[in-house]
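> Sequence isn't available, so here's the structure alone:
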């Protein structure tokens, strides 16, 4: 009985809080730009509106066009269940769950890219190509970050891995994971979530032909991914294990909030990178994580 | 003392990688100057009792590497009307990965090197090796004469870090000679850069390899 309540609370937390983050980012952007901006709850309204609409499908598309966004969403939710939430621990935890988490994220991306190509439009294929080619580099950085946490704590379980030590390694890891967060969630230096200029879109291209409930699922999944990475970054960098239950929960919430606000600031203060500069930026993220791994491995030297 | 020194050396190694990744010549010169300043501060951090000779070395290095040489290079750059490295021989991502690989290899093999007992636990030698390697990559991989000059200066920074190992034995001799040498050579480089610019109307050293009558 207790487990069921725990799982339900956890699901509610992930599902209900996730759409808040894009709202906060938009608020920060509006504030920096001197505008009033949309309400923080805008994404909730959008999701409700999309849920009521009907689906328009291309005659070329197979049923996978509707099913795949749902699969991607479920994969993300499963990854979120593996992610420990501060003092509450993870919904599901076993040795090696970090590998499953990485694969679930990959599955989510695979499904989104496949669904994009279902319509047979060359344009969406281009978006999928861009997304996947960035992801190759971002995933390398992600794996290096997980490896450095694993070496640091001699463990392959997320709940024990995410109790890092303070030091130079944590700073490197924070910088690396923040770049990965921006790239994975298609935020500004890599992609502009607001752009509708066809030649530069990445994520928006892939979801262009989706409508109605599947599109709502895609949007919600994207916000959940953002929350997921913010939680991961906070826990991978801040040593919260030593704090009490209440204070570590507060630190987690504050950390996620700070990450979200800084995404907003990056988005308002930076321009997007030119396409040819993106691999360099992602290689930098990879190297930051590799050096964090080196610090974890060598211990005291650096 | 060792801890502070290692921190400075880590920052210097980080600057190596920044210099490999940046395409603007202005940034490259600034990174190199900052690295020179950090190296200049090292003699002060290394010794407990402040000798006036160490202070002199530090002052001369900071002044020379942080101000005079960047000034000369910046003037050459302004005359040549270039501010970017556009088509390097080795691209930015490969050179960054090469530099990082070299740094990691240097750090990994530090325990295998036969060092004096007082130098174990410090990253002086790996930092020197990594910096020299970065200088080589810049020298080989960049096409613009000014980037190559920066590569040469970073290479020299690496040699300077090696020289810090001898600080107690020969406090002022090596550094003074080296500083004089590089200031003169930067003079010559800026003159050469100017000549390349007037003859070829560009700073691309690829022009220098084609023969003409």
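The structure has been received and is ready for your questions. Values in this document were obtained by computation on a predicted structure and should not be read as measured data. Numbers count the residues shown, from 1 in each chain, chains lettered A, B, ... in the order given.
> Looks like residue B:38 contacts residue B:5 (just checking).
No - Residue B:38 is not in contact with residue B:5 according to CB atoms under 8 Å; the separation is 10.8 Å. Yep, even glycine has a C-beta here, placed from its N, CA and C like the rest.
> the more surrounded of the two?
residue B:38 (21 against 18; other CB atoms under 10 Å in any protein chain shown).
> now the more buried one: how far from residue A:250?
According to CB to CB, to the nearest Å, residue B:38 and residue A:250 sit 38 Å apart.
> can you check residue B:61 too?
Distance from residue B:61 to residue A:250, by CB to CB: 48 Å.
> near chain A, which residues of chain B show up?
B:6, B:10, B:17, B:21, B:92-93, B:96-97, B:100, B:104, B:107-108, B:110, B:121, B:123 (CB under 8 Å from any CB of the partner chain).
> which of the residues you listed are buried?
B:6, B:10, B:17, B:21, B:92-93, B:96-97, B:100, B:104, B:107, B:110, B:123 (16 or more other CB atoms under 10 Å in any protein chain shown).
> Show me which of the residues you listed has the smallest pLDDT value.
Of all these, residue B:110 carries the smallest pLDDT score, 80.
> Look at residue 203 and report its pLDDT.
By default, I'm working from chain A. Looking at residue A:203, its pLDDT reads 82.
> look at chain B instead
According to the prediction, residue B:203 has pLDDT 75.
> likewise the one 3 residues further on?
Note on residue B:206: pLDDT of 79.
> swap in residue A:196?
So residue A:196 comes in at 67 (pLDDT).
> and residue B:20, what does it touch?
For residue B:20, the contacting residues are B:92, B:95, B:96, B:98, B:99, B:134, B:137, B:138, by CB atoms under 8 Å, 6 or more residues apart in numbering or on different chains.
> at 7 Å what do you get?
Applying CB atoms under 7 Å, 6 or more residues apart in numbering or on different chains, one finds that residue B:20 lies in contact with B:95, B:96, B:99, B:134, B:137.
> Near residue A:152, how many other residues are there?
Residue A:152: 23 neighbours (other CB under 10 Å).
> again, but for residue A:108
Residues near residue A:108, counting by other CB under 10 Å: 24.
> Residue A:83 now?
Residues near residue A:83, counting by other CB under 10 Å: 23.
> I'd say it and residue A:230 touch.
No - taking contacts as CB atoms under 7 Å, residue A:83 lies outside contact range of residue A:230: 10.6 Å.
> can you pull out the helices in chain B?
B:2-21, B:25-46, B:52-63, B:69-80, B:92-108, B:124-141, B:145-164, B:173-200 (DSSP state H).
> From the contact counts, what lies against the last one?
Counting contacts by 3 or more CB pairs under 7 Å, 6 or more residues apart in numbering or on different chains; DSSP states H and E, helix B:173-200 packs against helix B:52-63, helix B:69-80, helix B:145-164.
> likewise the fifth one?
Counting contacts by 3+ CB pairs under 7 Å, 6+ apart, the secondary-structure elements packed against helix B:92-108 are helix A:278-298, helix B:2-21, helix B:124-141.
> Look up the pLDDT of the closest residue in space to residue A:245 that isn't next to it in sequence for me, please.
Using CB to CB, 6 or more residues apart in numbering or on different chains and skipping the chain neighbours, the partner closest in space to residue A:245 is residue A:87 (4.3 Å). Residue A:87 is assigned a pLDDT of 81 by the prediction.
> Tell me how far residue A:87 lies from residue A:159.
Going from residue A:87 to residue A:159 by CB to CB gives 11 Å.
> Repeat that for residue A:171.
Applying CB to CB, the value for residue A:171 to residue A:159 is 23 Å.
> which of the residues in stretch B:27-45 are buried?
Buried positions in stretch B:27-45, judged by neighbour count with 16+ other CB under 10 Å: B:28-40, B:42-45.
> Alright, that wraps it up for me.
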